[in-house]
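Asker: Structure for the following, please:
(one chain, ligands or ions: 1)
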Amino acid sequence: MFENSRFVVDSRQVTPGCVFVAIKGEKTDGHFYANEAINKGAAYVVAEKKLQHIPEEKLITVNDTIEFLLSNAREKLKKHNPVVIGITGSNGKTTTKELLYQLLGKDRAFRNPGNLNTEIGLPLSILNEYNAEKFAILEMAMNKFGDIARLCQIAMPHVAILLNVGTAHRGIAGNQEMILRGKLQLIENMQKNGTAIVLYDKKLLDRISLKPMVTFGYKKGDYQLVDYCYIDFSTKAFYKTPREQLIFNLKSIWNAGQLTNISAVLAALDILGIDCNKNILENFTPVAGRFRVMNCNGIYVVDDTYNASIESFETAVETIKKLGKRSFAVVGSIKEQGKYSIETHRKLGEILEKLDGVVVYNVDNEIEIMNCSKKIFASNSATEISDFLKRILIPGDVVLFKASRSVQIEKVLQIYTEEIRC
Ligand code: ADP
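Answerer: Coordinates of the predicted model:
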């Protein structure tokens with residue numbers, strides 16, 4: 001019935017002939033917008049109740065509209081039976097997914113784009129964009145316990161990649177044990193003959209008895225990043241796999257976590273029986289805001305503005321310490337930490353002690369908790385911070401911009417890079 005239909009959940013995106021699926025969210029309820037969707041030409045409205053003013057022949061009522069999306073996506077994939085690669089973890093999902101996607105190639109691989117990685121976004125992207133490709137790379141996010149198991153209902157992975165398990169969104173997702181158990185659902189819901197690729201981390205390995213499994217990590221695991229250094233504005237990275245030793249000169253991957261995750265990608269390619277295209281890997285550029293490094297007249301400016309967690313801060317600091325002669329960071333608070341916020345920001349202060357200077361943007365009561373002797377400036381004005389940076393930074397320095405999404409620290413980055421004409 002819905003063959004070739006476009007599915008939307010936001011009435012502003014309705015185009016003639018599409019199927020509008022009404023979803024009740026936390027902030028608003030899609031059912032309020034059903035009329036607007038019909039007026040804009042939607043062929044059908046899928047809703048959880050009868051709706052006045054919607055012609056009967058255009059209304060499909062179901063018990064659960066999210067389940068409707070999930071089951072239609074499942075049916076679509078079942079028909080084409082792709083090799084499914086599931087990816088989850090606290091940090092690095094998007095970059096790992098994009099890299100694997102480029103290495104497998106657009107012609108034979110599908111991936112859910114951007115952050116369409118939830119119980120709504122993932123099925124939507126499959127329904128609208130999956131085109132019978134041989135490989136389906138599915139990034140799965142966990143906002144609350146149970147999400148990963150639900151997403152695996154769409155398709156049980158043949159290859160399940162479990163990146164690190166950290167503290168991101170722990171105010172919403174629950175305590176460490178809940179986050180860990182939630183992410184392990186990827187492995188529990190894998191195909192019977194599937195293979196797991198898991199970070200070599202004792203807290204994960206202790207909980208997985210399943211075979212076959214391969215591990216990856218920095219200086220440990222079956223597939224490992226052995227070492228890395230920065231030469232001539234590029235990264236030289238050394239890897240060891242069960243078959244060979246590899247050296248890559250990466251143009252745009254700098255972050256120690258991302259470099260480690262490349263070993264998971266190498267493992268996936270081996271399992272899929274596909275050679276690694278060195279050229280594609282060496283020229284890969286992460287998505288904007290995910291640790292992109294720019295050389296601005298000798299100053300390394302790091303755009304890591306997309307998001308922040310304790311673990312991604314730890315890795316970012318470790319990386320910039322190695323990258324520049326003096327290392328600075330412009331930071332803001334880490335959100336979605338709920339009752340853990342004080343602990344998180346105290347820890348952030350400890351991590352930032354390793355730097356030469358810390359600048360705070362958008363001071364709020366969360367980041368105020370952060371106690372760091374390296375704090376040299378704080379302001380809610382992006383221009384003031386930019387002026388300050390212009391005064392203190394010299395060639396050879398590195399400056400990191402990082403905070404949670406809603407802090408919008410990219411505004412400071414934008415003004416600063418415009419002013420120094422980078
Ligand atoms: P996600 O989709 O999981 O949010 P991204 O690929 O968007 O992940 O990367 C988010 C941030 O995490 C970036 O700052 C990136 O450099 C960092 N990162 C990537 N891998 C790791 C890792 N293994 N440990 C810590 N931080 C990492």
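Asker: May I have the one helix or strand residue 249 maps to exported as CSV, CA atoms only?
Answerer: Per DSSP states H and E, residue 249 falls inside strand 245-250. The C-alpha trace of strand 245-250 is given here as CSV (Å, rounded to 0.1, in the frame of the first residue of the first chain):
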residue,chain,number,x,y,z
GLN,A,245,50.1,-4.0,10.2
LEU,A,246,48.9,-0.8,8.6
ILE,A,247,50.0,2.8,8.5
PHE,A,248,47.7,5.6,7.4
ASN,A,249,48.4,9.3,6.8
LEU,A,250,45.1,10.7,7.7
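Asker: how big is the angle separating the next helix or strand after it from strand 245-250?
Answerer: Next helix or strand after strand 245-250 toward the C-terminus (DSSP H and E): helix 256-272. When axes from the mean of the first three to the mean of the last three C-alpha atoms, to 10 degrees is applied, the directions of helix 256-272 and strand 245-250 differ by 130 degrees.
Asker: Does anything pack onto the following helix or strand past helix 256-272? Which helices or strands?
Answerer: Sequence-wise, the next helix or strand downstream of helix 256-272 (DSSP H and E) is helix 278-283. Here helix 278-283 touches helix 93-104, strand 245-250, going by 3 or more C-beta pairs under 8 Å, 6 or more residues apart in numbering; DSSP states H and E. In short, each C-beta sits where N, CA and C put it, glycine included.
Asker: Distance from the chain centre to the strand holding residue 249, please.
Answerer: Between the centre of strand 245-250 and the centre of its host chain there is 24 Å, according to C-alpha atoms, centre = their mean, to the nearest Å.
Asker: Also stretch 184-197?
Answerer: Mean-position distance between stretch 184-197 and its chain equals 20 Å (C-alpha atoms, centre = their mean).
Asker: Could you list the buried residues of that stretch?
Answerer: 184, 185, 186, 187, 189, 190, 191, 194, 195, 196, 197 (16 or more other C-beta atoms under 10 Å).
Asker: Dump those residues to TSV, plus secondary structure.
Answerer: Formatted as TSV, these follow (DSSP: H, G, I helix; E, B strand; the rest coil):
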residue	secondary structure
184	helix
185	helix
186	helix
187	helix
189	coil
190	coil
191	coil
194	coil
195	strand
196	strand
197	strand
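Asker: can you redo the residues you listed as TSV with distance to the ligand?
Answerer: Below are the buried residues of stretch 184-197 laid out as TSV (distance: C-beta to the nearest ligand atom, whole Å):
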residue	distance to the ligand
184	16
185	16
186	13
187	17
189	19
190	19
191	23
194	21
195	20
196	17
197	13
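Asker: What residue in the protein comes nearest to the ligand?
Answerer: For the chain, the residue closest to the ligand is residue 257, as judged by C-beta to the nearest ligand atom, at 2.3 Å.
Asker: pretty sure residue 309 is in contact with residue 168, am I right?
Answerer: Yes. Contact status for residue 309 versus residue 168: in contact at 3.8 Å, counting by C-beta atoms under 8 Å.
Asker: Find residues that contact each of those two.
Answerer: Counting by C-beta atoms under 8 Å, 6 or more residues apart in numbering, the shared contacts of residue 309 and residue 168 are 90, 91.
Asker: and residue 246, how many residues sit next to it?
Answerer: For residue 246, the neighbour count with other C-beta atoms under 10 Å is 18.
Asker: Skipping adjacent residues, who's closest to residue 248 in space?
Answerer: Excluding the flanking residues, the one nearest residue 248 by C-beta to C-beta, 6 or more residues apart in numbering is residue 237, at 5.1 Å.
Asker: And the helix or strand encompassing that neighbour, what's buried?
Answerer: According to DSSP H and E, residue 237 maps onto strand 234-240. Within strand 234-240, the residues that count as buried by 16+ other C-beta under 10 Å are 234, 235, 237, 239, 240.
Asker: which residues sit against that strand?
Answerer: By C-beta under 8 Å, 6+ apart, the residues outside strand 234-240 that reach it are 223-230, 245-251, 253-254, 259, 262-263, 266.
Asker: any idea of the angle it forms with helix 256-272?
Answerer: Orientation of strand 234-240 against helix 256-272 (the same axes, to 10 degrees) gives an angle of 50 degrees.
Asker: does any part of strand 234-240 sit near the ligand?
Answerer: No. Using C-beta under 6 Å from any ligand atom, strand 234-240 stays clear of the ligand, with a minimum separation of 12.8 Å.
Asker: which neighbours does that strand have in its sheet, and in what orientation?
Answerer: The strands that strand 234-240 pairs with in its sheet are strand 223-231 (antiparallel), strand 245-250 (antiparallel) (by DSSP bridges).
Asker: Identify the residues contacting the residue of the chain closest to the ligand.
Answerer: Counting by C-beta under 8 Å, 6+ apart, residue 257 has contacts 91, 92, 164, 311, 312, 315.
Asker: ok, which residues in the stretch 301-422 of the chain are in contact with the ligand?
Answerer: Within the stretch 301-422 of the chain, the positions lying close to the ligand (C-beta under 6 Å from any ligand atom) are 304, 306, 307, 311, 312, 315.
Asker: From residue 99, how far off is residue 215?
Answerer: Using C-beta to C-beta, to the nearest Å, residue 215 is found at 19 Å from residue 99.
Asker: my bad, residue 366
Answerer: Separation of residue 366 from residue 99 (C-beta to C-beta) stands at 32 Å.
Asker: Same drill for the two, tell me which one is more crowded.
Answerer: A count of neighbours by other C-beta under 10 Å puts residue 99 above the other of residue 366 and residue 99, at 23 against 20.
Asker: Pretty sure residue 98 sits against residue 287.
Answerer: Yes. Residue 98 lies in contact with residue 287 (C-beta under 8 Å); the separation is 6.2 Å.
Asker: The residue nearest to residue 248 pairs with what?
Answerer: With DSSP bridges as the rule, residue 237 is bridged to residue 228, residue 248.
Asker: Now residue 116: closest residue in space that isn't a chain neighbour?
Answerer: Using C-beta to C-beta, 6+ apart and skipping the chain neighbours, the partner closest in space to residue 116 is residue 125 (4.3 Å).
Asker: now swap in residue 401 and tell me
Answerer: Here the nearest residue to residue 401 in space, its sequence neighbours aside, is residue 413; by C-beta to C-beta, 6+ apart that works out to 4.4 Å.
Asker: Alright, I will stop here.
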